[in-house]
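Visitor: sequence and computational prediction follow.
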Amino acid sequence: MELVYAALTLSEAGKEINEDNLQDIVDAAGLDVEDSEISALVAALEDVDIQEAMETAVAGGAAPAPSGGDEGGSEESEDEEEEAEDEDEGDEDDAAEGLGNMF
């Protein structure tokens, strides 16, 4: 992930994303990154326009948060919760009864 940030920093600064520039950032930050990782990132970003990718990501936006819904939906949820609680209580009673029979 550090290398991705380094590539974004280079892009933002208008610098070429190459192995030497990435290595300079890695060295300056004191990161422990393999040379093969740097080479792989440079190869992966070779045909990528980072500015365009960022604009596309921002334009896409995040998924909308779920709405509160209507009252009918929340009543169904409450009913389901009550049924689940009833089942849990029954399981606990069965378990306790089973333990009592052991002694």
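Guide: Done, it's in. Numbers count the residues shown, from 1 in each chain.

Visitor: make it CA atoms for all contacts and neighbour counts henceforth
Guide: OK.

Visitor: can you give me the helices for this structure?
Guide: 2-12, 19-29, 35-44, 50-60, 71-102 (DSSP state H).

Visitor: quickly, which of those bottoms out on average pLDDT?
Guide: Of all those, the minimum mean pLDDT falls on helix 71-102 (a mean of 55).

Visitor: residue contacts, residue 22?
Guide: Under the criterion of Cα atoms under 8 Å, 6 or more residues apart in numbering, the contact list for residue 22 reads 3, 6, 7, 10, 38.

Visitor: of these, which pair is most distant in space?
Guide: In the contacts of residue 22, the most distant members under the criterion Cα to Cα are 10 and 38, with 13.5 Å between them.

Visitor: these two: who's more crowded?
Guide: Comparing residue 10 with residue 38 by other Cα atoms under 10 Å, the one with more neighbours is residue 38, at 21 against 17.

Visitor: isn't that one right up against residue 23?
Guide: Yes: using Cα atoms under 8 Å, residue 38 makes contact with residue 23 at a distance of 7.5 Å.

Visitor: how many neighbouring residues does residue 3 have?
Guide: Counted with other Cα under 10 Å, the burial measure for residue 3 works out to 18 neighbours.

Visitor: I am finished for the moment; much appreciated.
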